[in-house]
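> heads up, no residue letters with this:
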């Protein structure tokens, strides 16, 4: 373990999110719902954390996010429930992640979520909090 620390940290505040009070709403993808966990505000925009789940009113088995990349410097995901299948640049074939699995996507890597179960739910943490997404092929709901 290194004693090295990242330079340039913003002042941080304490943030709390209680599951019983959590509210889900729209976000990047129409077939998903997002619940912000307050990390962006607590870190001065350096990180964002949210729980994402399927929007059952818009999700279809044939849905795909389309090939895209995020302008994140860091992206880590922990699958809470269900499963998801990806195509990821540099990896052979499709990869499926299930409940309890994690995946870290390198900065700006091309990927496409090609399938997810109706009960899919994930914790996503990324930085910076307001980075954009470059869409290369269309999203299909």
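Arrived safely. Keep in mind that what you see is a predicted model, and the values were worked out from it rather than measured. Residues are numbered from 1 along each chain as shown.
> quick one: buried residues of stretch 55-70?
Neighbour-count burial for stretch 55-70 flags 55, 59, 63-65, 67-70 (criterion: 16 or more other C-beta atoms under 10 Å). The C-beta positions use only the backbone N, C-alpha and C, and glycine is treated the same way.
> again with stretch 39-52
Within stretch 39-52, the residues that count as buried by 16+ other C-beta under 10 Å are 39-40, 42-43, 46-52.
> What are the contacting residues of it?
9-15, 22, 24, 27, 32-38, 74, 80, 121-130 (C-beta atoms under 8 Å, 6 or more residues apart in numbering).
> now these: which count as buried?
Here, 16+ other C-beta under 10 Å leaves 24, 32-37, 121-129 buried among the contacts of stretch 39-52.
> Now, those residues that are in strands?
Members of the buried ones among the contacts of stretch 39-52 lying in strands (criterion: DSSP state E): 32-36, 121-127.
> which one of these sits closest to residue 137?
residue 32 (17.7 Å; C-beta to C-beta).
> Would you mind confirming that that closest one is in contact with residue 55?
Yes - with contact defined as C-beta atoms under 8 Å, residue 32 counts as touching residue 55 (5.6 Å).
> now the ones in strands among the buried ones among the contacts of stretch 39-52 in TSV, with distance to residue 102 and pLDDT?
Shown next, in TSV, are those (distance: C-beta to C-beta, whole Å; pLDDT from 0 to 100):
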residue	distance to residue 102	pLDDT
32	19	91
33	21	95
34	19	97
35	19	98
36	20	97
121	14	97
122	10	98
123	9	98
124	11	98
125	11	98
126	14	96
127	16	95
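> Alright, that wraps it up for me.
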